[in-house]
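**Student:** need a structure here:
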Amino acid sequence: TGLAICRHSTERCEAMTVVPMSHDELQELLNKSIGDYGVPGAAVGVATMGDGAPRFETAWAGVTNQAVGYPVIGDTLFQIGSISKIFTTMLAMQLVDEGRLSLDTRVKDVLPGFRVIGAPDVTEGCTIRHLMCHTSGIEGDAFPDNLGCGDDCVAQYVDYIGTFPARSALGGPLSYSNGAFVVLGRVIEVLRGMIWDDAVRTYIAKPAGLGHVWTLPEDVLRFSAALGHQRAVSTGEQVFPAPVAPSPVWNLPRCTGPCGLISASVGDLLKFVSVFLNDGVAPNGSRLLSTQSVELMTREQVSLRDQGIENIGWALGWSLPNWGSEPAFGHGGATEGQRANAVVFPRRKLAIVTLTNADAGTQMAAHIARTVAKRVAGVEAPPAVTLTGDAITSDEATAFLGGYAREGEAFRFEAGGPTGVMAVIEPDADDGPMGARITVPLHHTGQGFYAVQRPDRREPTEIAFLHVPVSPRAPFGVYAAMGHRITPRVK
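**Tutor:** A predicted model of the protein is given here:
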């Protein structure tokens, strides 16, 4: 039997049926997936809603660390990476609910010392909404290792990130910014009068009864905890599944906590995500957010339709992945060899979370989400990027040939090769210790964008080229949009 889920709208109430997976089905899917993708250990959770009460199903498999062989258990803590941003957004929206903050509050009104070098528009005009929507222009991928582990590290990071030039003008185009969420974390610290780590415990974990949500290593290591694993062969080699080795580093610097440092068990992360299926109420009955704030956090604020087909836009904190006609919101997470993903289908009252301890976990989580969504709710897989054989003409290529660079990322496009343009991509931090320069053809896609097929990935990587203002005071420039980040052409 299925659960009849009623979707309310101004036009009609439409019954939708979900058929929850049994534990054995979910376990079988997970067991096969970790073998297919070469992930040492993982956990999966599925939440459905019926008669106002959530139903949770979880499964786990593999080992926490190849070097020691300890098994993953139900309460094993995995790093959830950037899904931490949803916790930080919730903390800020709780302040909005209390009337102590608004989405249009300027950052400078809370943090008088806030500034971004050479960008008075960002310094003077950046708002809480800009931070949550990745339209602040604040540099997104700077991870300092010299700010220490003291309680003042988030405050120090705000000063540090202000020394980087703005990536774009205030207001967009959207470029994913870890830095913006650390700034948001500092806003929370100032208004709450406590460090971000304590705010997570005091205003989310404790009231919701989430005993397996932690931010500090000394807390995480009191429990079963996963270590990340990274690719052990060159990213230039086409090997699936690729062998992995334990990461030499466990976590990111403490100063980046608000953007990506939470560790959680699959059950507690699933309970947290279910709050957005239950109008702001946690499974234990505690209200964490107002219904209005839940709606705001999941409503499109910025369109991403000009950057490819992976996402249609961004809400507040949550991304809006493209599942065709099926509304969805979600977020991924990536740290030192750990990958996590959460996706929610609000019409179906369905949430799926996957936690893994290998960099191939991103692709594995996508496979699990597609499989579960189809099995439980009949949701078809999201549209896939398709490569065409069409040549890129010299006139067309002239508009974007050249080198592109930003903090932690560099690549260039050169004339030549089978399609007319070759992409040369330098290794970055996400590639791990086996990162190598990759040279591959640039292709047209059937969806009207461009893409490359990297040898270390099973699916193409989309690229779009944008002609946008570098700043309100500068002429138009060329940006390459890839992975919801924009990188300027520099030569």
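**Student:** Enumerate every residue touching residue 185.
**Tutor:** 88, 154, 196, 257-259 (Cβ atoms under 8 Å, 6 or more residues apart in numbering). The way it works is simple: take the backbone N, C-alpha and C, and place the C-beta from them, glycine included.
**Student:** Please apply the same query to residue 362.
**Tutor:** Per Cβ under 8 Å, 6+ apart, neighbours of residue 362: 332, 334, 339, 341.
**Student:** Verify the contact between the first one and residue 83 for me.
**Tutor:** Yes. Using Cβ atoms under 8 Å, residue 332 is in contact with residue 83, at 7.3 Å.
**Student:** any shared contact partners between these two?
**Tutor:** Common contacts of residue 332 and residue 83 (Cβ under 8 Å, 6+ apart): 340-342.
**Student:** Could you list which of those belong to strands?
**Tutor:** Using DSSP state E, the subset of those located in strands is 340-342.
**Student:** from these, which is closest to residue 171?
**Tutor:** residue 342 (27.4 Å; Cβ to Cβ).
**Student:** Compute the distance between the residue nearest to that closest one when sequence neighbours are not counted and residue 210, please.
**Tutor:** The shortest distance from residue 342 to any residue other than its chain neighbours is 4.6 Å, reached at residue 353 (Cβ to Cβ, 6 or more residues apart in numbering). For residue 353, the distance to residue 210 (Cβ to Cβ, to the nearest Å) stands at 13 Å.
**Student:** residues near residue 388, how many?
**Tutor:** 12 (other Cβ atoms under 10 Å).
**Student:** Check residue 152 too.
**Tutor:** With other Cβ under 10 Å as criterion, residue 152 counts 12.
**Student:** if we can go back for a sec, highest neighbour count among the contacts of residue 362?
**Tutor:** residue 339 (28 neighbours).
**Student:** can you give me how far stretch 449-466 is from the chain middle?
**Tutor:** 18 Å (Cα atoms, centre = their mean, to the nearest Å).
**Student:** oh, I was asking about stretch 309-316
**Tutor:** 11 Å.
**Student:** Where do the helices of the stretch 351-491 of the chain begin and end?
**Tutor:** Per DSSP state H, counting those that start in this stretch, the stretch 351-491 of the chain carries helices over the ranges 361-377, 394-398.
**Student:** highest average neighbour count across those?
**Tutor:** helix 361-377 (a mean of 22; mean count of other Cβ atoms under 10 Å).
**Student:** Take that one, keep the C-alpha atoms, and write them as CSV.
**Tutor:** In CSV, the C-alpha atoms belonging to helix 361-377 read as follows (Å, rounded to 0.1, in the frame of the first residue of the first chain):
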residue,chain,number,x,y,z
GLY,A,361,30.6,9.5,-3.6
THR,A,362,29.3,12.5,-5.6
GLN,A,363,28.5,10.2,-8.5
MET,A,364,27.3,7.4,-6.3
ALA,A,365,24.9,9.7,-4.4
ALA,A,366,23.4,10.9,-7.7
HIS,A,367,22.8,7.3,-8.7
ILE,A,368,21.1,6.5,-5.4
ALA,A,369,18.9,9.6,-5.6
ARG,A,370,17.8,8.7,-9.1
THR,A,371,17.1,5.1,-8.2
VAL,A,372,15.2,5.9,-5.0
ALA,A,373,13.1,8.7,-6.5
LYS,A,374,12.0,6.5,-9.3
ARG,A,375,11.3,3.5,-7.1
VAL,A,376,9.5,5.4,-4.3
ALA,A,377,7.7,8.1,-6.2
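**Student:** Need the pLDDT of residue 7.
**Tutor:** pLDDT, residue 7: 35.
**Student:** Please shift the residue numbers so they start at 11 in all later answers.
**Tutor:** In the new numbering, first residue 11, that becomes residue 17.
**Student:** what sits against the closest residue to residue 233 other than its chain neighbours?
**Tutor:** Closest residue to residue 233 apart from its sequence neighbours, by Cβ to Cβ, 6+ apart: residue 87 at 5.3 Å. Contacts for residue 87 (Cβ under 8 Å, 6+ apart) come out as 222, 224, 230, 233-236, 273-275.
**Student:** Great, nothing more from me.
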